[in-house]
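Q: here is my input, please return the structure:
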Amino acid sequence: MKKAFITGITGQDGSYLTELLLNKKYEVHGLVQKSVTSATSHFQVLSLDEHYDVNQVTIHYGDICDYPSLIKILQEIQPDEVYHLAAQSDRQISFVSPLETADVNALGSLRVFSAVHDSKCDAKIFNASSRELFGSSPSQCPQNEYTKFNPDSPYAIAKLFAYYCAIYYREKYGMKIWNGILYNHESPRRGKNFITRKITRGVAKILSGKQEKLMVGNLDSVRDWGYAPDYVEAMWMMLQSKRPDDFIVATGTGHTIREYIFYAFSHAGISLEWIGKDLNERGIEKKTNKTLIYCSPELYKLKEKMSLIGDSSKAQKILKWKPKTDFKTLIQKMVDADLKMEGII
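A: Numbers count the residues shown, from 1 in each chain. Below you'll find the model as predicted:
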């Protein structure tokens, strides 16, 4: 039986990856901060909504900022595979807390790679990187593994440090480390601070009467959105491949915020029409003529010159991976989950 060690096991990706590995009969170990509670952890609800007993997973309390604890845990487990997902994942928070972001995303990743090396466990490592490496104005569209990096936030800079540390340990010590440059990937377990969940929760709360309107930024902003379970499968497939390498994981298709909102409300039975332009654009419910969508000056940003859309042809060719869930199905899954949470369905 293979052993896997997951940092960030309590997050969206960690919980789906846990399910995948348990289905494949892995012995799963996860790193959990003592401050994580059942109220904030997606992992804790696996036994409730995904038919898994959390007792199937061995929890190790520690922190990627605590190097001795990492060494001790890795020496104890001797995993075959390490999935490094733990991070401060909010780009906007990184501007407020750049030092904490650097300590977790940059130095925390370095500690993980170094701990695997120093504990002498011959594990394969997946490092979760981000499309933020290309910045908000990439040099080309779509982006591939050879597109120039242009990080423009403390979050992206820290992630780029981790990306190059992975390559350094791979080339210097022959360690088996894969970088996965992940584009936006969503699910019902996505954090409430992300725009996709903000939209689907907004739909549910408007229908339940708890919210009157949804405030968003630039409706023309384009994103490459995929489904998180598809993306954790790509992580696993990387570590089953023969040669450590770097891969973009993306759908290759871009959609605007406007499209996302339109299909989310449409799935819930609300038909929208759009009036106005730019910051003054609004989404109006056709049936009642009530304005439901407003653009907020605080959230509004100019549209990127080049859209952040990933070219995953390398992963499709070498790993035989491709996304299984289309844009509309992703939205339907998320809307249904939030409607259920509000007791509407």
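
Q: CA only for contacts and neighbour counts going forward, please
A: OK.

Q: hey, where'd the strands end up in the stretch 51-200 of the chain?
A: Remark: strands assigned in the stretch 51-200 of the chain by DSSP state E, counting those that start in this stretch are 57-61, 81-84, 124-130, 177-182, 185-186.

Q: show me where the stretch 101-250 of the chain dips below the pLDDT cut-off.
A: Along the stretch 101-250 of the chain, no part satisfies pLDDT under 70.

Q: contacts only, for residue 293.
A: Applying CA atoms under 8 Å, 6 or more residues apart in numbering to residue 293 gives the contacts 213-216, 282-284.

Q: of all those residues, which comes closest to residue 143?
A: Residue 143 lies nearest to residue 216 out of the contacts of residue 293, by CA to CA, at 26.0 Å.

Q: need the contact list for the closest one.
A: With CA under 8 Å, 6+ apart, residue 216 has these contacts: 293-296, 299-300.

Q: nearest to residue 102, of these?
A: Minimum distance to residue 102 across those is 24.6 Å, recorded for residue 299 (CA to CA).

Q: who are the packing partners of the longest helix belonging to the chain?
A: As assigned by DSSP state H, the longest helix anywhere in the chain is helix 154-173. Other elements packing on helix 154-173 under the criterion 3 or more CA pairs under 8 Å, 6 or more residues apart in numbering; DSSP states H and E are helix 91-96, helix 98-101, helix 108-118, strand 124-130, strand 177-182.

Q: just give the nearest non-adjacent residue to residue 60, would you?
A: Setting aside the residues directly before and after it, residue 60 is nearest to residue 31 in space (CA to CA, 6 or more residues apart in numbering), at 5.0 Å.

Q: hmm, I was thinking of residue 58
A: Closest to residue 58 by CA to CA, 6+ apart is residue 29, at 4.7 Å.

Q: so that neighbour, which of the three states?
A: Judged by DSSP: H, G, I helix; E, B strand; the rest coil, the three-state class of residue 29 is strand.

Q: so what's it up against?
A: Counting by CA under 8 Å, 6+ apart, residue 29 makes contact with 3-6, 57-60.

Q: PyMOL command for the buried members of the residues you listed?
A: The PyMOL command for the buried members of the contacts of residue 29 (criterion: 16 or more other CA atoms under 10 Å) is given here:
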select buried, resi 3+4+5+6+59+60
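
Q: make a markdown table out of the contacts of residue 29 and add distance to residue 187 and pLDDT.
A: As requested, the contacts of residue 29 are exported to a markdown table (distance: CA to CA, whole Å; pLDDT from 0 to 100):
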| residue | distance to residue 187 | pLDDT |
| --- | --- | --- |
| 3 | 26 | 98 |
| 4 | 23 | 98 |
| 5 | 23 | 98 |
| 6 | 19 | 98 |
| 57 | 22 | 92 |
| 58 | 25 | 94 |
| 59 | 24 | 93 |
| 60 | 26 | 95 |
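
Q: closest one of the contacts of residue 29 to residue 246?
A: residue 6 (19.2 Å).

Q: wait, what's in contact with that closest one?
A: Residues in contact with residue 6 (CA under 8 Å, 6+ apart) are 14, 28-31, 82-85.

Q: for residue 121, see how far away it is.
A: For residue 6, the distance to residue 121 equals 15 Å [CA to CA, to the nearest Å].

Q: with residue 110 instead?
A: 16 Å.

Q: more neighbours, these two?
A: Between residue 110 and residue 121, residue 110 has the larger neighbour count (other CA atoms under 10 Å), namely 22 against 17.

Q: isn't that one right up against residue 160?
A: No: contact criterion CA atoms under 8 Å: residue 110 and residue 160 do not qualify, at 11.6 Å.

Q: excluding chain neighbours, what is closest to the residue positioned nearest the centre of the chain?
A: The chain has residue 185 as the residue nearest its centroid, 5.1 Å off, counting by CA atoms, centre = their mean. Leaving aside its sequence neighbours, residue 185 sits nearest to residue 226 (CA to CA, 6+ apart; 4.4 Å).
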